[in-house]
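Undergrad: sequence and computational prediction follow.
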Amino acid sequence: MRRKTTRTACVAGILALVLSATAWGASGVVKWTANGVALRSIAGSSAQYLNMTPDGSGGAIVTWYDNRSGFDDIYAQRVNSAGTPQWTPNGVILRSIASQSAYYPTITSDGSGGAIVTWQDTRSGETDIYAQRVDSTGTVQWTVNGIALRSGGGGHRSQLPHHNLRRLGWRHRHLV
């Protein structure tokens, strides 16, 4: 079932290692290209764990992790209501640390055309939770490679509830 809204984009999927997005109008008609708009296209690298949030202007901001650097890092791309990517080709890097990986990004709107992204991060040797804010122009706003929301290990899972703006949290793997 497709959500019928003019303010939301739906991530269509990854085809031939190309991350693409498609938006449907209120009538259910595809607004962009039938096979989606390429947000990321890098041979030999795959994007995983896609999440998105509306940008407040009829477009969306999409986040994912991929291994283009040899390690899994966090990226984001904004696409406008016409289906045109707005930021750096193949996405803005939100976190990149050699020899350490990051996984499972979640995203929410910051209310100003940008977004806040959280993820699991292994830079300390433990699984910690980090966050980065990116503004409407694709410029990261906080410390390079993000700020620690939870460090010290313990098997935490990053979690940013969709449709619950500005609420950041985490869940310990042993809690229900």
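TA: In hand now; what should we look at? Numbers count the residues shown, from 1 in each chain.
Undergrad: contacts and neighbour counts: CA atoms only from here.
TA: OK.
Undergrad: give me the element Arg40 is part of.
TA: strand 37-41 (DSSP states H and E).
Undergrad: tell me the mean pLDDT for that strand?
TA: The average of the pLDDT scores along strand 37-41 is 84.
Undergrad: same check, this time on stretch 127-146
TA: For stretch 127-146, mean pLDDT is 96.
Undergrad: buried residues in that stretch, which are they?
TA: Within stretch 127-146, the residues that count as buried by 16 or more other Cα atoms under 10 Å are 127-136, 138, 140, 145-146.
Undergrad: and for Ser99, the neighbour number?
TA: Ser99 has 11 neighbours, counted by other Cα atoms under 10 Å.
Undergrad: that one and Phe71 touch, don't they?
TA: Yes. Contact between Ser99 and Phe71 holds when scored by Cα atoms under 8 Å: they sit 6.5 Å apart.
Undergrad: now for the strand holding Arg40, which elements pack on it?
TA: Helices and strands touching strand 37-41, by 3 or more Cα pairs under 8 Å, 6 or more residues apart in numbering; DSSP states H and E, are strand 18-22.
Undergrad: still on that earlier bit, now distance to Tyr104 and secondary structure too, for the buried residues of stretch 127-146, in CSV please.
TA: Written out in CSV, the entries for the buried residues of stretch 127-146 read as follows (distance: Cα to Cα, whole Å; DSSP: H, G, I helix; E, B strand; the rest coil):
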residue, distance to Tyr104, secondary structure
Thr127, 11, coil
Asp128, 12, strand
Ile129, 10, strand
Tyr130, 11, strand
Ala131, 12, strand
Gln132, 14, strand
Arg133, 16, strand
Val134, 17, strand
Asp135, 21, coil
Ser136, 22, coil
Gly138, 20, coil
Val140, 19, strand
Asn145, 15, coil
Gly146, 14, coil
